[in-house]
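S.K.: here is my input; please provide its structure:
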Amino acid sequence: MIEQEQPGVSAEECCRKGQIDSREGRHEDALASYAQALAINPRSASALTGMGFALGKLGRYEEEIACCDKALELDPACTGAWTTKGFALGKLKRFEEKIACCDRALALDPEDAAAWNSRGVALGMLGRYAEEVECCERALSLRGKYLSAWVNKGYALGKLKRYEEEVACYDRALKIFPFYLSAHLNKGIARINQKRYEDALIPLDHALSLQPQNPRVLYRKGLALSLLGRHDEAIACLTESLGTDPVNADAWVALSNSCFALRKFRESGKAFDQAYYIDIKDVRAGVARGFAQLKEGRFEDAHRTFAEVLDILSR
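M.R.: Residues are numbered from 1 along each chain as shown. Model prediction:
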């Protein structure tokens, strides 16, 4: 696409600056750079795609989709716009549409590792874990050190209860980058699922050495300690976790159980009430979302949403 340049600066140069801004986490600056590019060349699909990416990083997913749609009107073969739009759709829990975007990107470039990985994530969110594994393997065949794909493959294997294979994926990711918090956390979760609670503490402590106040890690460590019968330590971890993330109903349940084991019945009852209150809100929100998805014809999304509601009710 030929750009209409103004003296001293080109749309392409502005896009390059926007890419640097985004890579360094300066997403507001990136938006300004892409806006400048579009002022020079309003028909720059790359500028529209970059602007969409920056908007997504700021949580403005509907605007991200709108930018990508404009880019695709100008250049339907813009693979970046398809994958960026897919990212936003995933954040909005529109997973079937995300898969369709990834398919369009892969039809244009079958060796797009990011598109394969992204497609796998969407399939996993729909409960199609074996297909997620296949997509991650395609991504890894193209990019062997793709950290996200190793972790996503591990997650899917865990959902299939193939725990040792799951842990092996996290170990591969950690060999590439030893400071990858998600790999340490997920490895701890896998060990909990195997009922190897002492073993779970090792990767969870590694994760806490990276982020000492991470509420997800603190919850999982508290859960492992509770299941080991180390209730005083569990209560300390769970209380710290809930101080940052007070809407984690599972953490309230674990806290209730440890308090009960120590005969702290009043504290146990209060924790259980908190979990129940959160569950009721989540059930109502889930039912409403599921029916909305049915009306929109998003049947797989609706099935997943109702399954989540049933998981809450069967807690």
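S.K.: what comes into contact with the helix or strand harbouring Arg172?
M.R.: Using DSSP states H and E, Arg172 sits within helix 163-176. Applying Cβ atoms under 8 Å, 6 or more residues apart in numbering, the contact partners of helix 163-176 are 145, 147, 150-151, 153-155, 157-158, 180, 183-184, 186-187, 190-191, 193-194, 203. All C-beta atoms are positioned from the backbone trio N, CA, C, and that covers glycine.
S.K.: 6 Å - rerun?
M.R.: 145, 147, 150-151, 153-154, 157-158, 180, 183, 186-187, 190, 194 (Cβ atoms under 6 Å, 6 or more residues apart in numbering).
S.K.: now the helix or strand following that helix: buried residues?
M.R.: Using DSSP H and E, the helix or strand that directly follows helix 163-176 along the chain is helix 181-193. The neighbour-count check on helix 181-193 (16 or more other Cβ atoms under 10 Å) flags 181-192 as buried.
S.K.: any idea of the mean pLDDT in helix 181-193?
M.R.: On average, the pLDDT along helix 181-193 is 98.
S.K.: quick one: that helix to helix 163-176, angle?
M.R.: For helix 181-193 against helix 163-176, the angle by axes from the mean of the first three to the mean of the last three Cα atoms, to 10 degrees is 160 degrees.
S.K.: residue ranges with poor pLDDT in the stretch 151-300 of the chain?
M.R.: 279, 281-284, 286-287 (pLDDT under 70).
S.K.: ok, now with 90
M.R.: Within the stretch 151-300 of the chain, the stretches falling below the threshold (pLDDT under 90) are 253, 272-300.
S.K.: and for the stretch 1-150 of the chain?
M.R.: 1-12, 21, 23.
S.K.: spatially nearest residue to Cys136, not counting backbone neighbours?
M.R.: Closest residue to Cys136 apart from its sequence neighbours, by Cβ to Cβ, 6 or more residues apart in numbering: Lys153 at 3.6 Å.
S.K.: against which helices or strands is the strand or helix carrying the one you found packed?
M.R.: For Lys153, the host element (DSSP H and E) is helix 147-159. For helix 147-159, the packing partners by 3 or more Cβ pairs under 6 Å, 6 or more residues apart in numbering; DSSP states H and E come out as helix 113-125, helix 129-142, helix 163-176, helix 181-193.
S.K.: between those, which gets nearest to Leu48?
M.R.: helix 113-125 (18.6 Å; Cβ to Cβ).
S.K.: give me the contact list for the closest one.
M.R.: 83, 86, 90, 95, 98-99, 102, 105-106, 131-132, 135-136, 138-139, 142-143, 146, 148-149, 152, 156.
S.K.: buried subset of these as a PyMOL selection?
M.R.: Of these, the buried ones can be selected in PyMOL as follows, counting by 16+ other Cβ under 10 Å:
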select buried, resi 83+86+90+95+98+99+102+105+106+131+132+135+136+138+139+142+146+148+149+152+156
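S.K.: still on that earlier bit, distance to Arg304 for the contacts of helix 163-176 - can I get that in TSV?
M.R.: Listed next are the contacts of helix 163-176 as TSV, based on distance: Cβ to Cβ, whole Å:
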residue	distance to Arg304
Lys145	31
Leu147	26
Trp150	24
Val151	21
Lys153	20
Gly154	20
Leu157	19
Gly158	17
Tyr180	27
Ala183	25
Asn186	20
Lys187	25
Ala190	22
Gln194	25
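S.K.: just the buried ones from those residues?
M.R.: 147, 150-151, 153-154, 157-158, 180, 183, 186-187, 190, 194.
S.K.: looking at these, spot the one nearest Ile40.
M.R.: Leu147 (36.0 Å).
S.K.: number of nearby residues for the closest residue in space to the closest one that isn't next to it in sequence?
M.R.: Leaving aside its sequence neighbours, Leu147 sits nearest to Ala173 (Cβ to Cβ, 6+ apart; 5.2 Å). If you count neighbours by other Cβ atoms under 10 Å, Ala173 ends up with 26.
S.K.: quick check: Ala173 vs Asp273, distance?
M.R.: For Ala173, the distance to Asp273 equals 39 Å [Cβ to Cβ, to the nearest Å].
S.K.: I figured Asp245 hits Pro215, correct?
M.R.: Yes - Asp245 lies in contact with Pro215 (Cβ atoms under 6 Å); the separation is 3.8 Å.
S.K.: quick one, which of these two is more surrounded?
M.R.: When neighbours are counted by other Cβ under 10 Å, Pro215 comes out ahead of the other of Asp245 and Pro215, with 18 against 13.
S.K.: which residues does that one contact?
M.R.: With Cβ under 6 Å, 6+ apart, Pro215 has these contacts: 241, 244-245.
S.K.: let me have those residues in JSON lines, extended by distance to Arg60 and secondary structure.
M.R.: As requested, the contacts of Pro215 are exported to JSON lines (distance: Cβ to Cβ, whole Å; DSSP: H, G, I helix; E, B strand; the rest coil):
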{"residue": "Ser241", "distance to Arg60": "29", "secondary structure": "helix"}
{"residue": "Thr244", "distance to Arg60": "25", "secondary structure": "helix"}
{"residue": "Asp245", "distance to Arg60": "24", "secondary structure": "coil"}
